[in-house]
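Engineer: Next input, structure requested:
(7 chains)
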Amino acid sequence: MARPFDELTKALGKTVLVRLKGDRLLRGTLASFDVHLNIILENAEELSNSEEQAIKEKYPKIMVRGDNIIFIAI
Amino acid sequence: MARPFDELTKALGKTVLVRLKGDRLLRGTLASFDVHLNIILENAEELSNSEEQAIKEKYPKIMVRGDNIIFIAI
Amino acid sequence: MARPFDELTKALGKTVLVRLKGDRLLRGTLASFDVHLNIILENAEELSNSEEQAIKEKYPKIMVRGDNIIFIAI
Amino acid sequence: MARPFDELTKALGKTVLVRLKGDRLLRGTLASFDVHLNIILENAEELSNSEEQAIKEKYPKIMVRGDNIIFIAI
Amino acid sequence: MARPFDELTKALGKTVLVRLKGDRLLRGTLASFDVHLNIILENAEELSNSEEQAIKEKYPKIMVRGDNIIFIAI
Amino acid sequence: MARPFDELTKALGKTVLVRLKGDRLLRGTLASFDVHLNIILENAEELSNSEEQAIKEKYPKIMVRGDNIIFIAI
Amino acid sequence: MARPFDELTKALGKTVLVRLKGDRLLRGTLASFDVHLNIILENAEELSNSEEQAIKEKYPKIMVRGDNIIFIAI
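Structural biologist: This next block holds a predicted model:
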């Protein structure tokens, strides 16, 4: 059985959607991650929670602390 | 006595319902998991909390961080 | 002195009531558990919090992540 | 100096009052505990938070997960 | 440099004020503590949060789980 | 690179402002700290959250449990 | 693959935006960090959450406890 982190490895360089605790939603290119699920997103966008998911903020590069993550859509 | 994770192993490849903290509900095929209960769901659907459990979002593949999980209906 | 987990061992195969954080209440047959207090319940029912404890959902088998548990009535 | 857990050892077999996070209050006979402060209460009663502390529920035996405990009045 | 726990050692046998998460306030004699900051208070009083800090409850001896503590006024 | 705790060492004996979770604000002399960021403040004042930061309480010496701290202004 | 902390190393000496739990927003020069993501910000500003991100407070140097951090825009 492949492990969950193996799937993240396959997703490196691809656009992912990251759902955070506290109703935050990010989209960006998965550039790296570590065992705590800390991740680097490049060309990241913070999206509104409405159905349209409008772009609220843009960040060239952000590090997200892993414990905030609910799920990553790969 | 079989341990709880043994039951998850048996559920690999099957459809499971995952109840998350913060009133989120996911359904999908359990593709993998690790000791932190991080899981990969394939063909995942996020369901509304109403009695009808309507499909709100679809994700081909998501990694859910284990600490968000309340229970997994196998 | 017997330890708390010894009491859980004695409760295997019996019906238990599990009170979860976030006002959830489950009843089912305790099939297994591990050191994190992850548990498997069989023939599980989610009960309403009202005095009548009506059955809201039924699950043939669920794994509950231990950190959600407030107490288990054995 | 005696350590806090030494006091719990002395309280074994005695009635204790257990204040939980989320405004829950339990009273029962302390039957056992472990290093995580998981405890077994026998002849346990869940009490209301009002000044009268009326009995809401009775449980012959419950295991309380330690991380829910605010304090134990010995 | 003396470490924070050295100050607690000096406070043994003295009256301390313990501020807990969830707006609880305790006063009592610090009888013991451990590395998790679990503490035993003797002749403990739970105080109201109003400016007068009226006594709400009295407990001859309580064990407070360390993770609930915000600060201890020594 | 100096590490964050090196900066705390330099701040020993100086007045610091400590922002806590739950909208609490403390000011006092940093007397000691440990690896968990437990700290001792001397001549501590609890300040109101209003713009004026009025003094609400005074404590000759308090131990703050590290996990409550958001930041320390050195 | 570079790891997330490698990106932080590259950001040393640069201005970063730090989003904290509890709707706090900080901006400052990243002076140091450790494995817990505790960070030192110099010439730090606390910003309002409104669209204008007005400066609410200024701190010459602050240590932020890592567990409060949601993300760092590098």
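
Engineer: Break down chain A into its helices, ranges please.
Structural biologist: All helices of chain A, identified by DSSP state H, fall at A:4-11.

Engineer: Identify the residue nearest the geometric centre of it.
Structural biologist: A:V18 (3.5 Å; C-alpha atoms, centre = their mean).

Engineer: Let me know whether that residue touches A:L37 as I believe.
Structural biologist: No: assessed by C-beta atoms under 8 Å, A:V18 is found out of contact with A:L37, at 10.0 Å. C-beta: built from backbone N, CA, C; applies to glycine.

Engineer: anything in contact with each of these two?
Structural biologist: Taking C-beta atoms under 8 Å, 6 or more residues apart in numbering or on different chains as the contact rule, A:V18 and A:L37 both touch A:I69.

Engineer: how much space is there between the residue nearest to the centre of chain A and A:I72?
Structural biologist: Distance, A:V18 to A:I72, by C-beta to C-beta, to the nearest Å: 5 Å.

Engineer: cool, and A:G66?
Structural biologist: Counting by C-beta to C-beta - A:G66 and A:I72 are separated by 10 Å.

Engineer: One more: A:E45?
Structural biologist: From A:E45 to A:I72 the distance is 15 Å (C-beta to C-beta).

Engineer: Give me the spatial nearest neighbour of A:I40, chain neighbours excluded.
Structural biologist: A:A31 (4.2 Å; C-beta to C-beta, 6 or more residues apart in numbering or on different chains).

Engineer: Number of residues surrounding the one you found?
Structural biologist: A:A31 has 20 neighbours, counted by other C-beta atoms under 10 Å in any protein chain shown.

Engineer: and it, what pLDDT?
Structural biologist: pLDDT for A:A31: 98.

Engineer: Same check on the one 4 residues further on?
Structural biologist: Predicted confidence (pLDDT) at A:V35: the value is 94.

Engineer: What count of nearby residues applies to the residue lying closest to it once chain neighbours are set aside?
Structural biologist: Leaving aside its sequence neighbours, A:V35 sits nearest to A:F5 (C-beta to C-beta, 6+ apart; 7.7 Å). Residues lying near A:F5 (other C-beta under 10 Å) number 16.

Engineer: ok, now A:D23?
Structural biologist: With other C-beta under 10 Å as criterion, A:D23 counts 10.

Engineer: Which residues lie in contact with it in this structure?
Structural biologist: Counted by C-beta under 8 Å, 6+ apart, A:D23 has contacts A:N49.

Engineer: Could you measure from it over to A:N68?
Structural biologist: 11 Å.

Engineer: circling back to that earlier point, shared neighbours of A:G66 and A:I72, anything?
Structural biologist: The contact lists of A:G66 and A:I72 share A:I39, where a contact means C-beta under 8 Å, 6+ apart.

Engineer: what about these two, which has more around it?
Structural biologist: Neighbour comparison, A:G66 and A:I72: the larger count goes to A:I72, with 27 against 17 (by other C-beta under 10 Å).

Engineer: Report pLDDT for the more buried one.
Structural biologist: pLDDT at A:I72 comes out at 98.

Engineer: Over to A:T9?
Structural biologist: 96.

Engineer: and if you look at A:A2?
Structural biologist: Looking at A:A2, the pLDDT reads 80.

Engineer: Now do the same contact list for A:I40.
Structural biologist: A:L30, A:A31, A:S32, A:F33, A:K61, A:I62, A:M63, A:V64, G:A2, G:P4, G:E7.

Engineer: Recalculate using a threshold of 10 Å.
Structural biologist: A:28-34, A:61-64, G:1-8, G:71-72, G:74 (C-beta atoms under 10 Å, 6 or more residues apart in numbering or on different chains).

Engineer: beta partners for it?
Structural biologist: A:S32, A:M63 (DSSP bridges).

Engineer: And A:H36, its phi and psi?
Structural biologist: phi -90, psi 0 (degrees, to the nearest 10).

Engineer: Excluding sequence neighbours, find me the nearest residue to it.
Structural biologist: Leaving aside its chain neighbours, A:H36 sits nearest to A:G66 (4.2 Å; criterion: C-beta to C-beta, 6+ apart).

Engineer: again with A:I70
Structural biologist: In space, A:I70 is closest to A:R19, 4.5 Å off (C-beta to C-beta, 6+ apart).

Engineer: The one you found contacts A:Q53, correct?
Structural biologist: No: counting by C-beta atoms under 10 Å, A:R19 stays clear of A:Q53, with 11.4 Å between them.

Engineer: quick one: contacts for the residue in chain A that chain D sits nearest to?
Structural biologist: Here the residue of chain A nearest chain D is A:D67; by C-beta to the nearest C-beta that distance is 16.3 Å. A:D67 makes contact with A:20-21, A:36-38, B:65, B:67, G:21, G:37, G:66-67, G:69-70, according to C-beta under 10 Å, 6+ apart.

Engineer: Please list only the buried members of the residues you listed.
Structural biologist: Buried by 16 or more other C-beta atoms under 10 Å in any protein chain shown: A:L20, A:K21, A:L37, A:N38, B:R65, B:D67, G:K21, G:L37, G:G66, G:D67, G:I69, G:I70, out of the contacts of A:D67.
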